[in-house]
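Chemist: using only what follows, build the 3D model:
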Amino acid sequence: MAVIRDLAQVNAELREQKERVDLVDFKMITFSLAGKDYGVDIMNVKEIAKADKFTYVPNAASFVRGVYNLRGDIIPVIDLRTFFHLPADKKSDGQENMLILRIEDRVYGTIVDKIDKVVGISSEAIQPPHPIFGDINIKFIEGVVEKEGALYIILDVIRIFTQSEEEKNKPRGIQESGGDYYVPPPPAEEASVQRSQVSNALDFIKESLPALRHFYPSEINADWLERRFGEWSGIRAQENLQLRGTPDADEFLSPFPSPETGRFWDDDYAEQVKKALPDLPSNNIQVWNPGCGKGYESYSFACILKSRYSGGHIKIWANDNDIMAISQAPNMIFDLEEMPEYCRAFMVKGKNGYSFDQEIKDAVVFEYHDILNDNPLPELDMIVARDILSYLTPQDQVRITLGFKDKLKGHGIVFPGRNEKLPERDWRSRGLDPVSAYTRN
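Modeler: Numbers count the residues shown, from 1 in each chain. Reported below is the predicted structural model:
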């Protein structure tokens, strides 16, 4: 009977062990890093993706690949291989494997070598971490588990992407932080080299733009240049950051122009311009529009003013140094269906198509003129000079903006380019993106 009881007890223990093995109460997404198998709790995985077009973040830690546009949400992306100091063979754009993780109410991207599958296990089978199980810091390991002959290291992603209160209170010399996630400081020498490389590349671009495209870096466009360089670094390899000719310069400057450049302003942009217009004490409205090009900008602004200041007597001095464009602007013919809605009320039909009515034509005076030369104008209510200043030398930028102050009435307003900022010591912003507008301090 003792033998029978012993066998029954053994069988019961075997059944209990089998039940524990069969119980699946923990699922993980498995992946590989440097040839080893890892896993993360599936509850922290939002989705998987093929990553492309990371936007570089200047002065970030070496393992931060940048930020990524995930269907309109901008998320930070780290390379787990670099984070754990493992070998990393970076793939071309569109080929990197990325786990999108949700940690509390935040979303992050993590780059891995290969994403494998979903593996279900019993949480009781997870063993405590031990240094021999991985090449990474043990504090980032939640545990290890064996499944079908494979040994998986389960990462504690919450620990990786968040900071304990103790870590938050460490001096900045001990730890740096980026966003909400833990960022161990790079070696001082490595960080210094990275900053030097970034600084040198940006300096080279600033030196190249005047020669290649007569674009002059200054305080007026400094913020845009920093942002654009961050984007540029995200789409270019480190060795190709410099501008090697006019095609590179054109590509670098391609996002600089203001909305609706070279065409009639659309209804949405026109409405934002209208909101930025001030109340005026007089019905006589004097406007200067240097760099008017073919006249689309001048006509657009005239229609907006007519709509905003009903009954106002409007005069726009539209100037450009392109004599061909200036000579053709007064006689342009348009297709009514292609015109924005706010312009249509000011158009009349002729033999060959539609043109602006006499009221608008009388409001806009097209003249050949170079902004660098003196121009005898009356006191002005408004100046529309989009994307003009950045193509002047820094000395001329200062001279022209001081000239704006002299020409404007006390309530006057200037519309520079969307990516141009007038100096805060002299000007106060009152525009709402995408419209840039300033009044005098």
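
Chemist: for residue 108, list each beta-bridge partner.
Modeler: Beta bridges link residue 108 to residue 101, judged by DSSP bridges.

Chemist: contacting residues for it?
Modeler: 75, 76, 77, 78, 100, 101, 161, 181 (C-beta atoms under 8 Å, 6 or more residues apart in numbering). (Glycine included, C-beta is placed from N, CA and C.)

Chemist: mind picking the one among those residues that's closest to residue 246?
Modeler: Of all the contacts of residue 108, the one sitting nearest residue 246 is residue 77; the distance, using C-beta to C-beta, is 32.3 Å.

Chemist: can you map out the helices along the stretch 101-250 of the chain?
Modeler: Assigned by DSSP state H, counting those that start in this stretch, the stretch 101-250 of the chain shows helices spanning 157-161, 165-168, 188-213, 222-235, 246-253.

Chemist: single out the most deeply packed of these.
Modeler: Stretch with highest mean neighbour count among these: helix 157-161 (a mean of 19; mean count of other C-beta atoms under 10 Å).

Chemist: just checking, what packs against it?
Modeler: Using 3 or more C-beta pairs under 8 Å, 6 or more residues apart in numbering; DSSP states H and E as the contact test, the elements touching helix 157-161 are strand 96-103, strand 106-112, strand 181-183.

Chemist: re the thing from before, show me which pair in the contacts of residue 108 is furthest apart.
Modeler: 100 and 181 (14.1 Å).

Chemist: which one's more surrounded, these two?
Modeler: The neighbour comparison of residue 100 against residue 181 (other C-beta atoms under 10 Å) goes to residue 100, with 20 against 17.

Chemist: ok, back up a step: mean pLDDT for the helices of the stretch 101-250 of the chain: which is lowest?
Modeler: Lowest mean pLDDT of the helices of the stretch 101-250 of the chain: helix 165-168, a mean of 41.

Chemist: returning to what we had before: let's have the helices of the stretch 101-250 of the chain in a markdown table, adding distance to residue 354.
Modeler: As requested, the helices of the stretch 101-250 of the chain are exported to a markdown table (distance: least, C-beta to C-beta, whole Å):
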| stretch | distance to residue 354 |
| --- | --- |
| helix 157-161 | 59 |
| helix 165-168 | 64 |
| helix 188-213 | 36 |
| helix 222-235 | 37 |
| helix 246-253 | 34 |
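
Chemist: nearest to residue 412, out of these?
Modeler: helix 222-235 (23.8 Å).

Chemist: what does the closest one rub up against?
Modeler: With C-beta under 8 Å, 6+ apart, helix 222-235 has contacts from 53-58, 66, 93, 198, 201-202, 205-206, 217, 241, 252, 255-256, 419-421.

Chemist: check the offset of that helix from the chain's centre.
Modeler: From the chain centre to the centre of helix 222-235 is a distance of 9 Å (C-alpha atoms, centre = their mean, to the nearest Å).

Chemist: which residues sit in contact with residue 221?
Modeler: 256, 390, 419, 420, 421.

Chemist: pLDDT weak spots in the stretch 301-441 of the chain?
Modeler: Judged against pLDDT under 70, the stretch 301-441 of the chain has no low-scoring part.

Chemist: show me where it has its helices.
Modeler: Going by DSSP H, counting those that start in this stretch, the stretch 301-441 of the chain shows helices at 323-328, 341-344, 358-363, 394-407.

Chemist: so which of those gets nearest residue 137?
Modeler: helix 394-407 (49.2 Å).

Chemist: list the buried residues for the closest one?
Modeler: For helix 394-407, a neighbour-count test (16 or more other C-beta atoms under 10 Å) marks 397, 398, 400, 401, 403, 404, 407 as buried.

Chemist: hang on, isn't the fourth one packed against residue 389?
Modeler: Going back to what we said before, that points to residue 401. Yes. At 7.0 Å, residue 401 and residue 389 qualify as touching, with contact defined as C-beta atoms under 8 Å.

Chemist: need the residues touching each of those two.
Modeler: Common neighbours of residue 401 and residue 389 (C-beta under 8 Å, 6+ apart) are residue 220.

Chemist: all strands for the stretch 301-441 of the chain, in order.
Modeler: Taking DSSP state E, counting those that start in this stretch to define them, one finds strands in the stretch 301-441 of the chain at 313-320, 347-349, 354-356, 364-368, 380-384, 408-415, 427-429, 438-440.

Chemist: helices or strands next to the last one in the packing?
Modeler: Helices and strands touching strand 438-440, by 3+ C-beta pairs under 8 Å, 6+ apart, are strand 408-415, strand 427-429.

Chemist: try 10 Å
Modeler: helix 394-407, strand 408-415, strand 427-429 (3 or more C-beta pairs under 10 Å, 6 or more residues apart in numbering; DSSP states H and E).

Chemist: re earlier: format the contacts of residue 108 as CSV; extra columns: distance to residue 432.
Modeler: CSV is the format used below for those (distance: C-beta to C-beta, whole Å):
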residue, distance to residue 432
75, 26
76, 27
77, 30
78, 34
100, 32
101, 35
161, 34
181, 32
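
Chemist: tell me which of those has the lowest pLDDT.
Modeler: Among those, residue 181 has the weakest pLDDT, 41.

Chemist: thinking again about what came up before, wait, which of the strands of the stretch 301-441 of the chain is closest to residue 340?
Modeler: Among the strands of the stretch 301-441 of the chain, strand 347-349 sits nearest to residue 340 (C-beta to C-beta), with 10.8 Å.

Chemist: other residues contacting that closest one?
Modeler: 299, 303, 334, 336, 339, 353, 354, 355, 356, 357, 358, 360 (C-beta atoms under 10 Å, 6 or more residues apart in numbering).

Chemist: try 6 Å this time
Modeler: 354, 356, 357 (C-beta atoms under 6 Å, 6 or more residues apart in numbering).

Chemist: can you say which of those are buried?
Modeler: Buried, going by 16+ other C-beta under 10 Å: 354, 356, out of these.

Chemist: out of the contacts of strand 347-349, the closest to residue 119 would be?
Modeler: Distances from residue 119 to the contacts of strand 347-349, taken by C-beta to C-beta, are shortest for residue 354, at 67.6 Å.

Chemist: measure that closest one to residue 338 for me?
Modeler: 10 Å (C-beta to C-beta, to the nearest Å).

Chemist: same thing with residue 424?
Modeler: 40 Å.
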